[in-house]
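>>> just the structure for this:
(one chain, ligands or ions: 1)
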Amino acid sequence: MNPAVRYTELMYDRNTLHVYEGIRIVSHGRKEDAGPFVNRVVKALAIIKEKDPRRFKRVQRLRFVVKSWTAAKDAVGCYNPIFRECVVDFDKITKLHKAWQRPESLAMVIVHEATHCLLSDLFGEPVDVDFQIRVEGICYREQARFMKKLGFKISADFDETTYRQNWDRTRIERVIGGFDVISERLPPGKRRAVVDGVGRVLKAVKSKNGA
Ligand SMILES: [Zn+2]
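Take a look at the predicted model:
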């Protein structure tokens, strides 16, 4: 096994705080701070299991639900096929509208990411942006069908342009975008240093690319 993957597996073992029906709930931050996250994930998983057993089977394909951060600005969750994990940006969720603080909303995110997991198992990871958008369409429709079972009517529409823009970004731009998102969580003093540093790198990359 690749040493980096092995290392991460060990870290996941160490940071597993709870196991629900075989799904491990992980937080890499301070354990004392993870209580609300673990509680909400357990509630969300229990809702899926009770209200939608068929989709819960799909959710059980996931090995981990992990409290971490997502690089994309407006994403609250993402699926990582390397570890079969549903990443939840819980800090971002806590800053959203109060409807997002309901366990049903987190259940919706988990169903969405579990659909990515299923599609990734069936067809592999997207190799072009049109394929990725088709996959997103299925995941959004699935989350809407799941919410309908809970009595919430939500739209399955999503903004394709964000995905197209992301796909066109170079690897360095994605890394810089990730730093940008992290820097928003830092105290103002430190944030300024990070933003300035990222700004300098971005400028250098742009001038190198002749933009
Ligand atoms: Zn998605």
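>>> okay, now the domains of the protein?
Following automatic domain parsing, one finds the domains of the chain at 3-168, 169-211.
>>> please name the residues that touch Ser105.
Taking CB atoms under 8 Å, 6 or more residues apart in numbering, we find Ser105 in contact with 93, 99. No exception for glycine: its C-beta is placed from N, CA and C like everyone else's.
>>> right, and the helix or strand after the helix or strand hosting it?
Ser105 is part of helix 103-123 when elements are defined by DSSP states H and E. Note on helix 103-123: by DSSP H and E, the next helix or strand toward the C-terminus is helix 129-149.
>>> touching the ion at all, whichever helix or strand comes after that next one?
Beyond helix 129-149 in the direction of the C-terminus, DSSP H and E gives the next helix or strand as helix 160-168. No - judged by CB under 5 Å from the ion, helix 160-168 stays clear of the ion, getting no closer than 8.7 Å.
>>> got the angle for helix 160-168 vs helix 129-149?
Counting by axes from the mean of the first three to the mean of the last three CA atoms, to 10 degrees, helix 160-168 lies at 140 degrees to helix 129-149.
>>> for helix 160-168, C-alpha coordinates in PDB please.
C-alpha atoms of helix 160-168 as PDB (Å, rounded to 0.1, in the frame of the first residue of the first chain):
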ATOM      1  CA  GLU A 160     -23.500  23.600 -13.800                       C
ATOM      2  CA  THR A 161     -21.200  26.600 -14.300                       C
ATOM      3  CA  THR A 162     -19.500  26.100 -10.900                       C
ATOM      4  CA  TYR A 163     -18.600  22.600 -12.000                       C
ATOM      5  CA  ARG A 164     -17.400  23.700 -15.400                       C
ATOM      6  CA  GLN A 165     -15.200  26.500 -13.900                       C
ATOM      7  CA  ASN A 166     -13.700  24.100 -11.400                       C
ATOM      8  CA  TRP A 167     -13.000  21.500 -14.100                       C
ATOM      9  CA  ASP A 168     -11.100  24.100 -16.100                       C
END
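>>> now that helix, how far from the centre of its chain.
Chain-centre distance of helix 160-168: 16 Å, with CA atoms, centre = their mean, to the nearest Å.
>>> okay, now Arg40: neighbour count?
If you count neighbours by other CB atoms under 10 Å, Arg40 ends up with 22.
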